[in-house]
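# got a predicted model here, sequence first, then my questions.
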Amino acid sequence: MKKTFLVLYRPGPSWIEGKSIYEQPLEAHGGYVQKLYREGKVRSGGPFSDSTGGATLLDLEGGEAEARDIAANDPAVVSGIFTAAIHPWHLIQWENYGKKSS
């Protein structure tokens, strides 16, 4: 059974001060996350609109060790643009609890 983890990315020591998240050299990070998505490991993710970092939601068979390995090998973490914190997440499927009120 897959487990869900939130990878919380924050600016690291190589973050370019005064530049938004869209101006940071994150091309390799984007390619890495896209590869993980194609492998079925990434559910969702993206930058925070206030340019303070971003997050990726992982669905993994390998558990927390795999989540830590994925974060540690992220090119943006390796280069120091981001730091990464891993949080196990019990994702609630709200649609199982009834319909939204109008």
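It's in.
# thought residue 58 was touching residue 42?
Yes - between residue 58 and residue 42 there is a contact under Cβ atoms under 8 Å: 6.1 Å. Where you see a C-beta, it was placed from the backbone N, CA and C, and this is true even at glycine.
# who has more neighbours, these two?
More neighbours surround residue 58 than the other of residue 58 and residue 42, with 24 against 20 (other Cβ atoms under 10 Å).
# identify the contacts common to residue 58 and residue 42.
Overlap of the contact sets of residue 58 and residue 42 (by Cβ atoms under 8 Å, 6 or more residues apart in numbering) consists of residue 36.
# list the beta-bridge partners for the residue nearest to residue 71 when sequence neighbours are not counted.
Distances taken as Cβ to Cβ, 6 or more residues apart in numbering place residue 84 nearest to residue 71, at 3.9 Å, with adjacent residues excluded. Per DSSP bridges, the residues bridged to residue 84 are residue 9.
# restrict stretch 56-67 to CA atoms and write it as CSV.
What follows is stretch 56-67, C-alpha atoms only, in CSV (Å, rounded to 0.1, in the frame of the first residue of the first chain):
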residue,chain,number,x,y,z
THR,A,56,5.4,18.2,-3.6
LEU,A,57,3.0,15.5,-2.6
LEU,A,58,4.5,12.0,-3.0
ASP,A,59,2.7,8.6,-3.1
LEU,A,60,5.3,5.9,-2.5
GLU,A,61,5.5,2.2,-2.0
GLY,A,62,8.9,2.5,-0.2
GLY,A,63,7.8,4.6,2.7
GLU,A,64,9.7,7.4,4.4
ALA,A,65,13.2,6.1,3.4
GLU,A,66,12.2,6.4,-0.2
ALA,A,67,10.8,9.9,0.4
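# start at 2 instead
Got it, first residue is 2 now, which makes that one stretch 57-68.
# from what I see, residue 44 and residue 4 are in contact.
No - the criterion here is Cβ under 8 Å, and residue 44 misses it with residue 4 at 11.7 Å.
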